[in-house]
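> all I have is the shape, not the residue letters:
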């Protein structure tokens, strides 16, 4: 099967532009897989991990939300923010997640709960991508988390 074109764009830059075999993205209603020749589609994205398969190699990109469009064997993702795994500092991602969880647990009176939950989701997505990168480097992808 011929590959499809994937472009991931933020307001700041072009994140990804390659032909790919499979794309798995965090749609608003759950994960969705897109294969070449997929029917036209427009959907929102929630914070999460984008998984790209190209020539039997997987890569991961953290996304904080946005929109995904499939049209004429091309997938365009307009992301609020997006980061390749190698751009994410795992320790900083862990700290950001911890701060978000602590803030939610403390429930200060001036807190916007939806905004706090969104921050936590973004942090989890970034951390998940960073951990996958580390495990792949260490050769421990199929081992259970410690």
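That came in fine, so what should we check first? Fair warning: this is a prediction, and the values are worked out from it, not measured in the lab.
> quick one: residue 6 and residue 21 touch, right?
No: assessed by CB atoms under 8 Å, residue 6 is found out of contact with residue 21, at 9.9 Å. Quick note: C-beta positions are derived from backbone N, CA and C, even for glycine.
> now do the strands in the chain.
For the chain, the strands defined by DSSP state E cover 4-9, 14-20, 22-27, 30-34, 41-45, 48-54, 57-63, 66-71, 74-79, 82-84.
> quick one: which of these is nearest residue 102?
Set against residue 102 and scored by CB to CB, the strands of the chain come closest in strand 57-63, at 21.1 Å.
> pairing partners for that closest one, with directions?
strand 48-54 (antiparallel), strand 82-84 (antiparallel) (DSSP bridges).
> could you dump those strands to JSON lines with mean neighbour count and distance to residue 28?
Below are the strands paired with strand 57-63 laid out as JSON lines (neighbours: other CB atoms under 10 Å; distance: least, CB to CB, whole Å):
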{"stretch": "strand 48-54", "mean neighbour count": "19", "distance to residue 28": "10"}
{"stretch": "strand 82-84", "mean neighbour count": "19", "distance to residue 28": "17"}
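> now tabulate these in CSV and tack on mean pLDDT.
As requested, the strands paired with strand 57-63 are exported to CSV (pLDDT from 0 to 100):
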stretch, mean pLDDT
strand 48-54, 94
strand 82-84, 92
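> format those strands as TSV; extra columns: distance to residue 115.
Shown next, in TSV, are these (distance: least, CB to CB, whole Å):
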stretch	distance to residue 115
strand 48-54	17
strand 82-84	20
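> ok, which of the ones you listed comes nearest residue 112?
Proximity to residue 112 (CB to CB) singles out strand 48-54 among the strands paired with strand 57-63, at 21.0 Å.
> who's in contact with the closest one?
Applying CB atoms under 8 Å, 6 or more residues apart in numbering, the contact partners of strand 48-54 are 3, 6, 8, 16, 18-26, 31, 58-63, 77, 82, 121, 125, 128-129, 132.
> sorry, back to before: of residue 6 and residue 21, which one has the most company?
Neighbours around residue 6 and residue 21, counted as other CB atoms under 10 Å, are more numerous at residue 6. The numbers are 25 against 17.
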